[in-house]
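[1] structure for the following, please:
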Amino acid sequence: MTNYIKAVIESVIEDLLKTHSIPSPALVPTTALKNSELAFNKEVCEELRKKGWRVSIVDKHMSEINLKSLYHNYLLFETDMGEEIYIDPFFRSQFEIFHPCDGIYESAMDNIPEIFIGTYTELCAYVKYMAKQVKRLFIQSHIDIPPWRTQRAFLSKWRIYDI
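    Numbers count the residues shown, from 1 in each chain. Next comes the predicted model:
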């Protein structure tokens, strides 16, 4: 993926974010948040397709059995070379925790992109890093780690066959 392609994708997302009000995860029910993210991703997809690019929406639903695959939607862009590029306008929000966090966790959050555009390998590196931070935070707080906060569960948001 070239820097040009990444810059165009970021520009499309940032322009659309200026005209959209995506609610904070803390303020709305999960279903409303996911519906608003899906609607936004559809608009991003349309804009990128207008440029002649092969982009699709991946809309994954949560498996109710053992939380094997958490619900999430994102975009998948295929380059002319056949490379898959993951586009997640709400990447950082996947790691938000709504109980007191320490400075280490907040610093880790600052080090991951709000908007992710990159390969699956790059995405996995961020996810694994944040899963370690989540685990450390929960252990430090003497709280059991919820099953949806494990590395495996986080990764399931982007690919079910990595489970």
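[2] number of nearby residues for Lys6?
    Using other C-beta atoms under 10 Å, the number of residues around Lys6 comes to 14. Using the backbone N, CA and C atoms, a C-beta is placed for each residue, glycine as well.
[3] what comes into contact with the lowest-mean-pLDDT helix or strand in the chain?
    Using mean pLDDT, DSSP states H and E, helix 30-50 stands out as the lowest-scoring helix or strand of the chain, at a mean of 84. Residues outside helix 30-50 that contact it (C-beta atoms under 8 Å, 6 or more residues apart in numbering): 9, 12-13, 16-17, 20, 22-23, 25, 28, 55-57, 59, 71, 73-75, 77, 87, 89-90.
[4] repeat that for stretch 117-126.
    With contacts defined as C-beta under 8 Å, 6+ apart, stretch 117-126 is touched by 1, 6, 9-10, 83-88, 91, 112-113, 116, 155, 158-159.
[5] returning to that earlier point: mind listing what's buried along the least confident helix or strand of the chain?
    Within helix 30-50, the residues that count as buried by 16 or more other C-beta atoms under 10 Å are Leu33, Lys34, Ser36, Glu37, Phe40, Asn41, Val44, Cys45, Glu47, Leu48.
[6] next secondary structure element downstream of it?
    Moving toward the C-terminus from helix 30-50, the next helix or strand (DSSP states H and E) is strand 54-60.
[7] tell me how far that following strand lies from the chain's centre.
    Its chain's C-alpha centre and that of strand 54-60 lie 13 Å apart, by C-alpha atoms, centre = their mean, to the nearest Å.
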